[in-house]
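Asks: okay, here's the prediction I keep looking at, along with the sequence it came from:
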Amino acid sequence: MAPATPARKPLMAGNWKMNNNHLEAIALVQKMAFALKEADFEAVDVAVIPPFTAIRSVQTLIDADKYAIQYGAQDVSPHASGAYTGDISAAMLAKLRCSYAVVGHSERRQYHREDDALVNAKAKAALAADITPILCVGEGLDVRKAGGQVAHVLAQVDGALEKIPADQVRRTVIAYEPVWAIGTGEVATPQDAQEVCAAIRTRLAELYDGGVADEVRILYGGSVKGGNVAKLMAQADVDGALVGGASLDPGEFVKICRYRDLPV
Ligand SMILES: O=C[C@H](O)COP(=O)(O)O
């Protein structure tokens, strides 16, 4: 597939998971903002994905100090409003000017039994509120060992994008996160990442067209660190990273955002 073009600006998104209260969140964003320079933001979109309880504080800080850091939410309700205790709607996130909502993260699929139909409904809810879904897909170790990673991931992509029109898919981000690489320190090889990311892009061309496939940003996630990011980013179909653990360390996350200065 075609190498990354300026139309696919790399995205480094830090998924904090269930870490950092709103005060810790402010401190972390401040440290990142002090370290990152204008040239970094010109080269890369940088986003933080805090827990719901910290989004308002992050928004206030970013607005007040005019930081170029983007932010989003780790989940979104498929419902617009009503009696859904514990849910947060896309409209609520849009009011906080969230740019992104993660949908289908493997931890949601595993601990909350989310299936592709629900992930599809969440992606649609986010898109309807002009929020970019970061759609997570990825295989478990058993599937990988059996060599079924591409078929498994493409089935997740098909299910999650069902009946979502091309103009909305264009602004969707897809994150390939092999479950066996998440939080384990066992990063996929650059070739593993490229194989699946390229297959996703080919599938987008089949489902929609080459233009859509060329525009969609496809991230890799799973034990990304400063020490391995440059090789992953050198792959033609890897347009960024969804970073978990390393995004909690401002020095490490800034290093990841500056992958272009690191040796490949
Ligand atoms: O959303 C992020 C991924 O689950 C990766 O997490 P990790 O970088 O801690 O392996």
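Replies: All right, it came through fine.
Asks: quick one: name the residues of the stretch 1-150 of the chain near the ligand.
Replies: With CB under 6 Å from any ligand atom as the criterion, the stretch 1-150 of the chain comes near the ligand at residues 15, 105. For the C-beta atoms, the positions are set from N, CA and C on the backbone; glycine is no exception.
Asks: residue of the stretch 1-150 of the chain closest to the ligand, please.
Replies: Asn15 (3.5 Å; CB to the nearest ligand atom).
Asks: next, give phi and psi for that residue.
Replies: Per-residue torsions, Asn15: phi -90, psi 110 (degrees, to the nearest 10).
Asks: which residues does it contact?
Replies: 49, 74, 102, 105, 221, 242-244, 247 (CB atoms under 8 Å, 6 or more residues apart in numbering).
Asks: how about a cut-off of 10 Å?
Replies: 47-50, 72, 74, 100, 102, 105, 107, 134, 136, 175, 177, 182, 221, 242-245, 247-248 (CB atoms under 10 Å, 6 or more residues apart in numbering).
Asks: and the closest residue to it other than its chain neighbours, how many neighbours?
Replies: Residue nearest to Asn15 in three dimensions, not counting chain neighbours: Ile49, with 4.5 Å by CB to CB, 6 or more residues apart in numbering. The number of residues packed near Ile49 is 28, by other CB atoms under 10 Å.
Asks: right, and Ile49 touches Ile55 too?
Replies: Yes - in this structure, Ile49 is within contact of Ile55 by CB atoms under 10 Å, at 9.2 Å.
Asks: overlap in contacts, the two.
Replies: Joint contacts of Ile49 and Ile55 (CB under 10 Å, 6+ apart) are 71-74, 98.
Asks: make JSON lines from the residues you listed and add secondary structure and neighbour count to it.
Replies: Formatted as JSON lines, those follow (DSSP: H, G, I helix; E, B strand; the rest coil; neighbours: other CB atoms under 10 Å):
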{"residue": "Tyr71", "secondary structure": "strand", "neighbour count": "26"}
{"residue": "Gly72", "secondary structure": "strand", "neighbour count": "27"}
{"residue": "Ala73", "secondary structure": "strand", "neighbour count": "24"}
{"residue": "Gln74", "secondary structure": "coil", "neighbour count": "22"}
{"residue": "Cys98", "secondary structure": "coil", "neighbour count": "26"}
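Asks: correct me, but Thr132 touches Ala73?
Replies: No - counting by CB under 10 Å, Thr132 stays clear of Ala73, with 11.1 Å between them.
Asks: who touches both of those two?
Replies: With CB under 10 Å, 6+ apart, Thr132 and Ala73 have common neighbours 98-101, 126.
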